[in-house]
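**Q** here is a sequence with its predicted model. Questions after.
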Amino acid sequence: MHAHAPTPNPSPTPSPSPALPSRLQLYLQLIRWDRPAGWLLLLWPTLAALWIAADGWPGWHLLVIFSLGTVLMRSAGCCVNDVADRDFDKHVKRTANRPVTRGAVSVRAALLLGAGLALAAFGLVLTTNAPTILLSFAALAVAIVYPYAKRLLAMPQAVLGLAFSFGIPMAFAATLGGTDWSLAAINAAVPLSAWALLMGNLFWVLAYDTEYAMVDRDDDIHIGIQTSALTLGRFDVAAVMTFYAIYLASWTALGLRLGLGRIFLAGIAVAAVQVLWHHRLIRSRSREGCFKAFRQNHWLGLAVFAGVALDLSLR
């Protein structure tokens, strides 16, 4: 995220485990196999959208497709991101020991692995329907563009937010779409409420990835890349809280409009309590506090998803 692919551990990459072949261990490090926070941040809003679109239990097929697809695409994104950022990461202590950055995995091998993972995810998408397949190309394009956005945009987290939220319209398309290969079919399968959920979720990504950017603020200034933490300056903490508020307020309004009730609101309340805790963690702007806040965001996403799923199942 921000300057680097998502990783929930600021310590140097551990040495290869003797229990696994060294080459396999390197590839597992490359895709952050032992650091699930990244794919959980993708998973919860996608599953929430899947439950909303299906008006309850979406079925095993779509649950498996979107769960596995999330893991595969996040892993592929790590490969592309590490290749794009290899010259930046060597100047950041937390990322200098990544496999591509230190030369343990070649650029070609990383890109081949990323392509293979993306193809596997596309294979899963092919078992859905035409609108979902069409949307998957847009999702892939955004994922590829993001690593380079920080070279051009003052707040590249906005592009990451789009990438990390694209599972929402895809979930609606997979649930409600048919066999027609047209833009009209996408419009029919993905209502405006789905795009509104995407926009609301984008602010959650802005919140947690700005927390992440605050961890590496000094390194990013030295490297000369752009992040939301640098762009926002002394207003960073206030902005993070505002992003969280917009996310929760928009999802609350949309959820109520879509017929969700008290249990959903309870999930939102649990998420809001976590936001207040995050403020305590980041208000001093310490690396440790900001990183802890970022790492714990998947619990916030779980609270919202649980509220959605339980509300729909207990009607």
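**A** Cool, got the structure.
**Q** helix, strand or coil for Leu153?
**A** coil (DSSP: H, G, I helix; E, B strand; the rest coil).
**Q** Leu117 contacts Ser75, doesn't it?
**A** Yes: contact criterion CB atoms under 8 Å: Leu117 and Ser75 qualify, at 5.0 Å. To be clear about C-beta, it is placed using only N, CA and C from the backbone, and glycine gets the same treatment.
**Q** which of these two has more residues huddled nearby?
**A** Neighbour count, other CB atoms under 10 Å: between Leu117 and Ser75, Ser75 has more, with 25 against 21.
**Q** find the nearest non-adjacent residue to that one, please.
**A** Using CB to CB, 6 or more residues apart in numbering and skipping the chain neighbours, the partner closest in space to Ser75 is Ile31 (3.7 Å).
**Q** pLDDT on the strand or helix carrying Val80, on average?
**A** According to DSSP states H and E, Val80 maps onto helix 60-84. In this model, helix 60-84 has a mean pLDDT of 91.
**Q** give the other helices and strands that it contacts.
**A** helix 22-30, helix 37-54, helix 107-125, helix 130-149, helix 167-176 (3 or more CB pairs under 8 Å, 6 or more residues apart in numbering; DSSP states H and E).
**Q** joint contacts of Leu117 and Ser75?
**A** Residues touching both Leu117 and Ser75 (CB atoms under 8 Å, 6 or more residues apart in numbering): Ile31.
**Q** quick one: the helix or strand hosting Leu281 to helix 37-54, angle?
**A** Using DSSP H and E, Leu281 maps to helix 262-282. Angle of helix 262-282 versus helix 37-54, following axes from the mean of the first three to the mean of the last three CA atoms, to 10 degrees, is 160 degrees.
**Q** start at 644, not 1
**A** Okay, using 644 as the starting number, the last item reads as helix 905-925.
**Q** touching helix 905-925 from outside, list them.
**A** 854, 857, 880, 883-884, 887-888, 891, 894-895, 898-899, 932-933, 935-936, 939-940, 942-944, 946-951, 953-954, 957.
**Q** which one of the helices and strands packed on helix 703-727 is the most hemmed in?
**A** Most buried of the helices and strands packed on helix 703-727, by mean neighbour count (mean count of other CB atoms under 10 Å): helix 810-819, with a mean of 26.
**Q** what mean pLDDT does that helix get?
**A** Rounded mean pLDDT across helix 810-819 is 96.
**Q** buried residues in stretch 922-933?
**A** Within stretch 922-933, the residues that qualify as buried are 924-925, 932-933, counting by 16 or more other CB atoms under 10 Å.
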